[in-house]
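Participant: sequence? don't have it. structure:
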C-alpha cells in the first residue's frame, strides 16, 4: 500500500528555476531608485522568505521601512509582467508531476511568492498538473508557518500523515516540520547541500527520478 496521497511542492528552486527573472526584476527596481544592483549569487541567498524580505535584504541597512514598502509595490508590478522571460521548469519535473497524476496522487504548490504570480506561473508551465496552488496572501502567515499547508490539507481532505512536502530550502524544512509532514529536499535549488544537511534535511535528492522512487 502506498504511503502518500498528496505531494505538496515548493515553487522557486524546486519545480521552477526562477532565479534569473527574480534577479532581473529586483535590479530593475533597484535601478529605478538608484540603489546598487545585486548579483545572481547574492539574490540566490536572499530568496526563500517572501518578496518583502528579498527587498529588505537587497537594500542597504539604512533603508527605511517606507522605502522597502515602495520598492516592494514596484517589484510586484514589474515582476508580474516579467516573470516568464527566463524562468523554466527544472528538467524532469513536468514528467514527474504527470507520473504522480497518472498514478492517482494529488499535487499542490505552496510558495512565499505573491499569489497572483504563483498562479500565473503554474498555469503557464504546469497547466493541469496541480490540484491547488497557493502563494503569499494577506492574512495568511508565510512559510515556515504551517497555515498554508493546513489549508491545502483541509481543501483536499488529506490527513498530514498521507502527505509529503518537497522543497529546496531551510524554510521548507521548517515548514514541513511545523506542519508535521514528511519532507524531501532537492539539491538543485537555491541552497547549498551542506547547509541543508545542517538544517536537518533527512531525505536529500539530486534528481526528479529520486523523488519518484521515494513516493511511488
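Facilitator: Here it is on my side, so go on. No experiment lies behind these values; they were computed from the predicted model shown.

Participant: now the strands for the chain?
Facilitator: Under the criterion DSSP state E, the chain carries strands at the ranges 6-9, 16-17, 88-89, 106-114, 132-136, 163-167, 182-186, 203-205.

Participant: hmm, who's touching the second one?
Facilitator: Residues outside strand 16-17 that contact it (CB atoms under 8 Å, 6 or more residues apart in numbering) are 87-90, 93, 121, 125. Every C-beta, even on glycine, is put in place using the N, C-alpha and C of the backbone.

Participant: of those residues, grab the buried ones for ChimeraX.
Facilitator: Restricted to buried positions by 16 or more other CB atoms under 10 Å, the ChimeraX selection for the contacts of strand 16-17 reads:
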select :87,89,90,93,121,125
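
Participant: how about the contacts of strand 16-17 in CSV, adding distance to residue 173 and pLDDT?
Facilitator: Formatted as CSV, the contacts of strand 16-17 follow (distance: CB to CB, whole Å; pLDDT from 0 to 100):
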residue, distance to residue 173, pLDDT
87, 24, 97
88, 25, 97
89, 22, 98
90, 19, 97
93, 20, 98
121, 23, 95
125, 25, 97
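
Participant: wait, which of the contacts of strand 16-17 is closest to residue 150?
Facilitator: Comparing these against residue 150 with CB to CB places residue 121 closest, at 23.0 Å.

Participant: pLDDT weak spots in this structure?
Facilitator: Scanning the chain with the threshold set as pLDDT under 70 gives 1.

Participant: report the separation between the nearest residue to residue 30 once chain neighbours are set aside and residue 31.
Facilitator: Using CB to CB, 6 or more residues apart in numbering and skipping residues adjacent in sequence, the residue nearest residue 30 is residue 37, 5.7 Å away. Going from residue 37 to residue 31 by CB to CB, to the nearest Å gives 7 Å.

Participant: first-to-last residue distance for stretch 194-208?
Facilitator: 20 Å (CA to CA, to the nearest Å).

Participant: select the longest helix from the protein.
Facilitator: helix 65-82 (DSSP state H).

Participant: that helix vs strand 106-114, what angle?
Facilitator: Relative orientation of helix 65-82 and strand 106-114, computed by axes from the mean of the first three to the mean of the last three CA atoms, to 10 degrees: 130 degrees.
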